[in-house]
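Just to be clear, the model below is a prediction. Sequence and coordinates:
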Amino acid sequence: MIATDALDIWNVAGTWVSALGTVGAVVVSLWLAWQSGRPRIEGVVYLGTALGTGLSGKHIVFTVKNTGRMPVRVSGIGWTVGNRKRDKKWFFQIPSDLTKLPVDVSVGQDTTIMVSAEQVRGWFEELEPPREPFKARIMTPLREYDVDPHPDVITYLHG
């Protein structure tokens, strides 16, 4: 037969274990809800040409893939230069006639946005040095994503 003191200890231990389990379940459920509500995208930015589109010259191509669990609206693209918030400069980019923004990207799908490389080069040349770090920016209504452009883009812009 188990003593009354031992039963009291097991009763208290069981209460604590169930309380910890409840707190853990709440934390996990809140984390899952927070994660599922955030858009997630992957971006690739490279130098290319718009073959068969009627556009001439070099273009900088933004490829945006939706890797989240909900549709994403790409509301803008652009560029940022600098590290600190107060020193950071950014340029909102207007895409070519092939792409109209905003554009909705379904789950698992991607979209391509092209901009004139000459237009970006003109803006880049007007910047005062230092021009590093130079990042492409993809904007959604909920968040902005900074993407490292392919080294060919940087080489082209430095002329």
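Right, received. Where do you want to start?

tell me the mean pLDDT over the longest helix along the chain?
Determined from DSSP state H, the single longest helix within the chain is helix 4-36. The average pLDDT within helix 4-36 is 84.

and after it, which helix or strand comes next?
Next helix or strand after helix 4-36 toward the C-terminus (DSSP states H and E): strand 41-49.

Please compute how far that next one lies from its chain's middle.
13 Å (Cα atoms, centre = their mean, to the nearest Å).

Please enumerate residues in contact with that strand?
Residues outside strand 41-49 that contact it (Cβ atoms under 8 Å, 6 or more residues apart in numbering): 57-68, 72, 74, 105, 114, 117, 136, 138, 140, 145, 147-150, 152-153, 156. Quick note: C-beta positions are derived from backbone N, CA and C, even for glycine.

And what about Y156, helix, strand or coil?
Secondary structure state of Y156, per DSSP: H, G, I helix; E, B strand; the rest coil, is helix.

That one against F124, yeah?
No - Y156 sits out of contact with F124 when judged by Cβ atoms under 8 Å, with a separation of 9.4 Å.
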